[in-house]
Structures are given as structure tokens and as C-alpha cells.
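**Student:** below is the sequence, then the predicted model.
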Amino acid sequence: MLLLALTGSGSLGRHYIAMFEATQNVMLKPTETWREALLDTRVMDLFFTVHRKIREDSDMAQDSLQCLAQLASMHGPVFPDESAQVSYLAHLVEGLLSMINGIEIEDSEAMGISNIISNLITMFPRTCLTALPTDLFTSFINCLTLLTCSFGRSAALEEVLDKDDMVYMEAYDKLLESWLTLVQDEEHFPRGCFVQPAIQVFNSYIQCHLAAPDGTRNLSVNGISSHEEEEINELQEDDRELFCDQLSSIGMLGRVAADHCIPLLTNLLEDRVTRLHGQLQRTQQHLMATSDPESMDRKVLDDLYEDIHWLILVSGYVLADDSQGETPLIPSEVMEFSIKHSTEVDINTTLQILGSPGEKASSIPGCNRTDSVIRLLSAVLRTSEVESRATRASLTGLLSPQMGKDIMWFLRRWAKTYLLVDEKLYEQVSIPLITAFGADTEGAQWIVGYLLEKVINNLSVWSSEPGLANDTVELLVTLVEKRERANIVVQCEGWWSLAKQFASRSPPLHLLSSPVQRTLMKALVLGGFAHMDSDAKQQYWAEVLHPLQQRFLNLINQENFAQISQEEAVKQEIIATLEALCGIAEATQIDNVVQLFSFLMDFLSSCIGLMEVYSNTPETINLIIEVFVEVAHKQICYLGEAKCMKLYEACLTLLQVYAKNNQCRKRSDATAEEDQYQDLLLIMELLTNLLSKEFIDFSDTDEVFRNQDQGTPASSRPVSAADVVLYGVNIVLPLMSQDLLKFPSLCNQYYKLITFICEIFPEKIPQLPEELFKSLMFSLELGMTSMSSEVSQLCLEALSPLAEQCAKNQEKDTPLFIATRHFLKLVFDMLVLQKHNTEMTVAAGEALYTLVCLHQAEYSELVENLLSSQRDAVIYQRLADAFNKLTASSTPPTMDRKQKVAFLKSLEEFVSNVGGLLCVK
């Protein structure tokens, strides 16, 4: 590498060589001693010249572009002031534009060029970018726009040709991320400077995803690609997950140019839906006139469905953000766009179009004087209505389940953000949006009713499509998870009939897959906590929860239950009940936990009894454990001491029964390992959830169970979290083979659990039975030395509390003291002799410090042995100086926070100086 050769002498080069093995895009932060060399414009010119000479050799071109990407990331004390930074950036941008203009970019250059652009946008302050000469900045943005559109087209072609190496797709993603970074900091740049570029990139994206003649989707070099290729692509992950980063960036660009993009999406979607409606009618007539349905060509329909798929996805990302854990807000650009045009809007016509999804918007008088944001939603509702009418006309076989999923996904995303919009959360609000969707409006009530009707229709028609049914019940959860929305939902007759139908296991709801039934139960429970008078509420619970309890008790209390338990109908009833219990637990919120905990606790002991009955039915056993997992996960943080004790006791009994059954169970068949994997994963999840009480506890502040936990003194607690968790570990550890640890999710859960135990109950570790203690120590060593960096980091985090526990006890020669001495050498070797991920240095440093405090003589011996083994005098001296600096303090290290922080700072410098010097390959 040219840049590494340039920086190879001295600590900088060593540090970067070590890092380069972990990542292809390393940020450059040289010290001021490099200022003269790296700020000399001739150095950068040399790299651009070299690249021009070697760009046709793909391997060398990638290396030279990596060097340029590093130069584009340069930051830190190498720059004396901002003007030096601006001069450097200007020269870099000039060189980049000069390199790109006038050449046809090779496939092997795409990723490197996108890394250069990404680095300079990410690493240079906004003030530097805005300080560039206006013409240069404009040229750079124009170049970025053209490159993005070009890479986007090439990425679409890669997808059509189903290439293994998606170089343009990666490069396109990187450039879209760069745009996202720029437009999120829009206030730093000249007003409106990104509008035209945003329009071009947005148009290009839409064009690549629409069928000919409007778009270029599925057009390959030699014409149109075959249908077989499209079918192969359908087997991939859902597009909304696969392309969520791309869609986020495109959605953001759509908002920047909302005046262009929102009307464009509306027009395109309305056009496709009108064509879909007409095509379905023509196809229906064709089917009535022919005796051979197979003769029908579906290509026109398939193209329309694919167009609608992408238009709905993009619309969803333009209108709303992903709201994980935050209150979802209407994006400011969308709100401002609606406000700006509100004087041109006729609200009555807007509401008429919204409330008439069965009619074409263009057929309604005055349709051009409508709010564009509401009109786009109306286009999606129109799509939904065409779908519903086709199902009523027995044309379900012609519909696309994917389109149904897209509609549900969009409506859920939209409802979270817009439905019953809260004016208090915004500085200024759009009158059309508030009038249509605000609290106490007819529009909001109408749309809740419409969405509920759609949900009920979908669950009836699409029960055999798990993905679509799941998206449908997720929309239902969104409608009831907020109390204000739920209050409207429970006033709809459809809601009550849905609840009764589900509670009585009536068709077709009983045909829904187990996960969908679970989520539907969650929604029905959440709805039950909406505002109703006491009689209505009592009636609701009597119709939703009482039948569940009654059927379950009637079944398990039959004298011959043990004999009939393996009958398919009985097993299905038990599974449906267990899924419903998981759904009830998932519906837990702070204001309903009292009722739900009491209801669920009545079931838990019965569930433990089922462990015996179904001991040879792994899927039922797993589901029983899962009920406990969900109750612990959702409720334990709200429970006071007495309630926790009840849950701990139930969990302990569950584990005891599992352990007894597990000893008797023969696992010799081919699925045995997979069964064991599922069991253990769930048990570890349960134990981890119980441990979470130690650091997430809302029970005191919120007093959820006020007056219910009185009178149980702590000293009389028969069971604690530690008892349950350590008993569980006693089950898990002996079963945890190295083969099972090859399952990544099981491995991560296992190490997360043992790290939690070491952090929360370090005093319990020395008290473990000898074999269990040895297994735990072996697991930690295995995790540190043979597992992923994530697992290795968890194990390192477990060592510090164990060493601190030893220091507290001040007992030498205990098994834990001896084990920590062994771990000292392992951590020492990891930091000094082995390659390791630089992100792990902090965790390894903290572990090393506490271990050094405990074993100072052994640490000194390790250093002496290492130094005495060096034959090279230069390396010997560098190492000796580095170690002296590392422990320069005159006082011996102690478990003192200040000393530890100083040590960690010195360690960073130590790794920078000697990292890679002694690495054993």
C-alpha cells in the first residue's frame, strides 16, 4: 500500500497496519509531525497521478483508491487551523473531479470512489465544505448527483443479472448514505442547493424501479429479462428489509424536494391503480370466456404489482420515519410542504377524496385543489379498495399477496405518525392534516373504521398467507397500542365481533399461523384497556379472556387428560392457549400489569404440569418455556418484591421439572441437537430476563403494585433471582457442548448470560460446585480465545468483577484466585502478542488492569520473560520503554477509578506503539 509505505516508519504505520486487517476503509488521524509531508499538495497529486496510470489493473486500482480514501478522511492535529483544512479539501475535491471527469469508471473503481466521497463528506466539518469556492462546491454536488444516478442504474442492472459481486449496489448505498449526511445538515448550506440534485436522484431511483415504458426495470443489455429471473428474486428477503437503508435515503431526498416528489408519487400510484382495476376487470372477463385459466398471460398484472410495490415503499419512506422507541412525528419537511400549499387547498374536496377510496380521485370535481400529502394516502387507500373489491368478486387468485403486505406496512407506518396527530408536539401544524386526522375529527373516526374493516377482511381472506396476515395484525396492534386510538377502535362493532370470533376459535381465524394468533391476542388485550364503562369492560373480558381460561381448565382437569393429551385436536388446543398466553404477556404496559400478572400467574403452575405430560414433545415444551420467558421479559421490571418472589418460585419449579425430564429423555434422533438448541436458548433467555430486574426496575418509582406487596420482609424470601439463575446455569452448563456453541444465536445468548452472572452476582461464583466452576472458567477461556470478537468482549467484561471479588475476599490460593492468574496471561498475550480487533482494547484493558492489581508479581514476571526473549535490541528497547510508560506511576496499581482511567489512556498509546510488533500470525 502506497500510503502505508509512506507512513510505515514510526508508530503511525504500525498502528494502521494492524487496523487495516480489520477494515478496508480506515480513517487517518496523523500527528502534527506529519504536517509538512501530508499537507504538501504534491503528495496528493502524486496519488491521483499514480491512480490514473494503474487504474486498468483492478487490484492495484483498488489499493490506490484506498490510499486516496484515507487521504480524504484525514483529520486531527495535522491541520494547524481551519483554513489549512479548507485548502486541503479544495485541492482534494479538484483532484477528484479531475480524475472522474472524462473517464468511464471501471467496475473495480466504483466502491473506492464512493469511499473517497463518503469520507470527505463525513470527516470534514460543514464549515469547510461551505467555505469551498462556490463553483467548486457546485461542481462537486453536480458530480455526486451524476455518479449517484449512474451507480443506481448499474446497481439495478446487477440485480437483473443476479450478479454475485454487487459492486455498484455497494457503491450506490455508500453514495446514498453521503446524501443523507448532507441533507440532514441542510441548514449549513445555501438554501435550496440540494433541491435539484434531490429531484434527479429521486427520479432516477423511481425510473429504475418502474417497468417500461415509464421506467427501465428488468431491461438488460440485450432487452427484457426473463420471468424466471424475476421468480428467483422473489425468494430473497423482503425488499423493505433488504433495501431499508436505500429507501431511507431516497425518502429523505423525496422530502427535500417534496414539491416535486410527493405529487409525482401520487400521479404514478393513481395511474397504476387505475390500470390495475381495468386489467383485473379484463382478466375476469377473459376467465369467464375461457375454459383454460392457465392460458392467461399474467405479465401485465405482474408488472403493475411490481410498480405498485416500489411506489408504496418509497411513499412510506417519504411520508414517515421508522419510529423505534420514540414518539413518531410527521417529518418537518412534509409538514412545511403541507402548510405552504394549504391556502390553495379546498378541505372539503380533500376530505371527499379521502373518504371515497372506491372512486378515481380525478373523477371528483375540484380534485386539483387537494392537499398532496392526504392525496398520496388516498392513492394507497384506493389501492387497498381495489384489492378488497377483487376479493369480493372472487378474484383473490389474481391478486398479489406482496401488494397486500405493502398496503398493510404503509398503513401501519402512516397510522403511527399521522392518526390522531397531537398538535402540541409541533411548532406549527397544517390545517388540512389536523382537520383530516386530528383528535375528535370525523376524518380520524372514519379512517379508524376503514382500517379496522380492512384488517377483518384480510384476516378472513388471507389467513393462509402468514406474511400478509402478520402485517395485518401488526396494523391492528398499532391501532390499539395508544389509548387515544384504542378508544375509537372499541366503539366499532367490527372490533367486538372480531374479539368474539377469535375467543370462540371460529373459522377462519383458527386457521391463522401461531405467531399471528399470538399478535392478534396481544391486540385484543391492548384494546381491552381502552376507555369503556365498567359494564362494557366486564363484558369484554368475559368474552375475550374468560373463554380461554374456561376451555383450558376444562381440558386439563378431565380425568383422562393424560390419555387424550397426544390427540391432535387436544394438542392444537393446548398450543393455541400457550400462544395466547404469550400474546397476553406481550400486551403488558405499566397501567395494565396488575391485572395481566394476576391472570397469567394463575396459568403458570398449570403450564408446569403440562411439562410432565408433554415431556417428549419438544415444540410444546419450548412453547411452555416461552410463556415464562415472555412474562419475565415484559413484566418483571414492574413487579414489587412479593410478586417477584412468586415469579422466581414458578421459574425455579419449571427448571426443576425440565431438569428431571431432561435426564430421562433420550435424544438420539437426528433432530435431537436442534431440540436441545431451542430448549437451551429459551432457558438462557428466561434466566437473562430474570437478571434484568437487577438493573431495570420500575417497581419503586411507579409503585405499580401499591398496597399489594406489603408484609413480606426481605429476610424471609425463600427464593431469589440468584437462586433461580444459578440453578438454571447448573442445567445449562453441562449441556453446552462445543457443537451447540456453533449456533451463533445460542452462543451469544450463553455468553451474555454468564457475563451478566459474573457482573451481578460475582460473590456467588466462588461458591459454585467444583465441576460447575471449572465449566464456567473453561467457557470464559473458550469464549476469549476461540469465538467471535463480540463473544470475546463479553468474556473480557466478565473478568473485571471476578478479579474485584478476589481482591475483596483477600484469600490466596482459592480456585477463583488461581483462575484469575491464568486469565492474566491470556489477556496479556491477547493485547501484546496477538492480533485483535481494536474495539476490544478497552474491554481487554479494563480486565488487564484489575488482574494486574490482583497479581502484580506475576505481571512483572510476564513482562520480564517477554523482554528477555527478545533478540532484536531495537524491539527490546521499544518494548521496555512502552512497558515503563504503561506502569509509570510510582504507586502500585489499586482498584481505584482514577488510576484505572489513567492506565487505559496509557494503554491506548502502548497499543499504538507496539501493536503489531510481536503479533503471532
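**Tutor:** Looks like it came in fine.
**Student:** from here on, just use CA atoms for contacts and neighbour counts.
**Tutor:** Fine.
**Student:** where does pLDDT dip in this structure?
**Tutor:** 1-26, 219-236, 291-295, 664-674, 695-718, 836-838, 888-892, 915-921 (pLDDT under 70).
**Student:** now do the strands in it.
**Tutor:** Remark: strands assigned in the chain by DSSP state E are 219-220, 223-224.
**Student:** for the top helix by length along the chain, buried residues please.
**Tutor:** The single longest helix within the chain, with elements called by DSSP state H, is helix 258-289. Under the neighbour-count criterion of 16 or more other CA atoms under 10 Å, helix 258-289 has 258-266, 268-270, 272-274, 276-277, 279-280, 283-284 buried.
**Student:** can you count the residues close to Leu879?
**Tutor:** Number of residues near Leu879 (other CA atoms under 10 Å) recorded here: 22.
**Student:** burial of Ser786, as a residue count?
**Tutor:** Count around Ser786 with other CA under 10 Å applied: 10.
**Student:** oh, and call the first residue 144 from now on, that's how I've got it
**Tutor:** Yep, numbering from 144; the last one is Ser929 now.
**Student:** what about it, distance to Lys885?
**Tutor:** Between Ser929 and Lys885 the computed distance is 11 Å (CA to CA, to the nearest Å).
**Student:** Val338 versus Gln693, what's the distance?
**Tutor:** Applying CA to CA to Gln693 and Val338 gives a distance of 62 Å.
**Student:** give me the more crowded residue out of those two.
**Tutor:** Applying other CA under 10 Å to Gln693 and Val338 shows that Val338 carries more neighbours, namely 18 against 10.
**Student:** the residue nearest to the more buried one when sequence neighbours are not counted: what's it in contact with?
**Tutor:** In this structure, Val338 finds its nearest non-sequential neighbour in Ala400, 5.2 Å apart by CA to CA, 6 or more residues apart in numbering. When contacts are counted by CA atoms under 8 Å, 6 or more residues apart in numbering, Ala400 touches Val338, Gln339, Ala341, Ile342.
**Student:** can you put those in TSV and add distance to Phe553?
**Tutor:** Formatted as TSV, these follow (distance: CA to CA, whole Å):
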residue	distance to Phe553
Val338	25
Gln339	27
Ala341	23
Ile342	23
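**Student:** which of these count as buried?
**Tutor:** Buried, going by 16+ other CA under 10 Å: Val338, Ala341, Ile342, out of the contacts of Ala400.
**Student:** now, those that are in helices?
**Tutor:** Going by DSSP H, the helices hold Val338, Ala341, Ile342 from the buried ones among the contacts of Ala400.
**Student:** gap between the second one and Leu325?
**Tutor:** Put plainly, it is Ala341. Applying CA to CA to Ala341 and Leu325 gives a distance of 11 Å.
**Student:** got it, and the first one?
**Tutor:** Taking CA to CA as the criterion, Val338 is separated from Leu325 by 12 Å.
**Student:** now do the helices in the stretch 844-993 of the chain.
**Tutor:** 864-878, 887-903, 913-929, 932-952, 958-975, 984-997 (DSSP state H, counting those that start in this stretch).
**Student:** remind me what the fourth one packs against, helices and strands.
**Tutor:** Read it as helix 932-952. In terms of contacts (3 or more CA pairs under 8 Å, 6 or more residues apart in numbering; DSSP states H and E), helix 932-952 is packed against helix 887-903, helix 913-929, helix 958-975, helix 984-997.
**Student:** buried ones in that helix, by neighbour count?
**Tutor:** 932-950.
**Student:** next: the third one.
**Tutor:** Judged by neighbour count (16+ other CA under 10 Å), helix 913-929 contains these buried residues: Leu915, Phe916, Leu919, Met920, Ser922, Leu923, Glu924, Gly926, Met927, Thr928.
**Student:** now for those: which two are most distant?
**Tutor:** Leu915 and Thr928 (20.1 Å; CA to CA).
**Student:** ok, which stretches of the stretch 594-743 of the chain are helices?
**Tutor:** 609-624, 626-632, 636-646, 657-670, 677-687, 689-699, 704-707, 711-729, 736-756.
**Student:** got these as CSV, with distance to Leu353 columns?
**Tutor:** Formatted as CSV, the helices of the stretch 594-743 of the chain follow (distance: least, CA to CA, whole Å):
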stretch, distance to Leu353
helix 609-624, 23
helix 626-632, 36
helix 636-646, 38
helix 657-670, 32
helix 677-687, 46
helix 689-699, 48
helix 704-707, 57
helix 711-729, 40
helix 736-756, 48
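**Student:** wait, which of those is closest to Ile260?
**Tutor:** helix 609-624 (38.1 Å).
**Student:** so which elements touch the closest one?
**Tutor:** Using 3+ CA pairs under 8 Å, 6+ apart: helix 609-624 touches helix 544-561, helix 585-604, helix 626-632, helix 657-670.
**Student:** returning to that earlier point: export the buried residues of helix 913-929 as JSON lines, with columns for distance to Val970.
**Tutor:** Output for these, formatted as JSON lines (distance: CA to CA, whole Å):
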{"residue": "Leu915", "distance to Val970": "23"}
{"residue": "Phe916", "distance to Val970": "20"}
{"residue": "Leu919", "distance to Val970": "17"}
{"residue": "Met920", "distance to Val970": "14"}
{"residue": "Ser922", "distance to Val970": "15"}
{"residue": "Leu923", "distance to Val970": "12"}
{"residue": "Glu924", "distance to Val970": "10"}
{"residue": "Gly926", "distance to Val970": "12"}
{"residue": "Met927", "distance to Val970": "9"}
{"residue": "Thr928", "distance to Val970": "10"}
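**Student:** got a list of what the closest residue to Ala522 other than its chain neighbours touches?
**Tutor:** Once flanking residues are discounted, Ala522 sits nearest to Glu413: 5.6 Å by CA to CA, 6+ apart. Glu413 sits next to Lys503, Ala504, Ala522 when contact means CA under 8 Å, 6+ apart.
**Student:** contacts only, for the first one.
**Tutor:** When contacts are counted by CA under 8 Å, 6+ apart, Lys503 touches Glu413, Thr417, Arg525.
**Student:** which one of the helices of the stretch 844-993 of the chain lies nearest to Phe1053?
**Tutor:** Short answer: helix 958-975, nearest of the helices of the stretch 844-993 of the chain by CA to CA, at 9.3 Å.
**Student:** how about that closest one: buried residues?
**Tutor:** 959-960, 962-964, 966-967, 969-975.
**Student:** kindly report the same for stretch 587-599.
**Tutor:** Ala587, Gln588, Trp589, Ile590, Val591, Gly592, Leu594, Leu595, Lys597, Val598, Ile599.
**Student:** can you list those in TSV and add distance to Gln644?
**Tutor:** Listed next are these as TSV, based on distance: CA to CA, whole Å:
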residue	distance to Gln644
Ala587	26
Gln588	23
Trp589	23
Ile590	23
Val591	20
Gly592	18
Leu594	18
Leu595	15
Lys597	16
Val598	14
Ile599	11
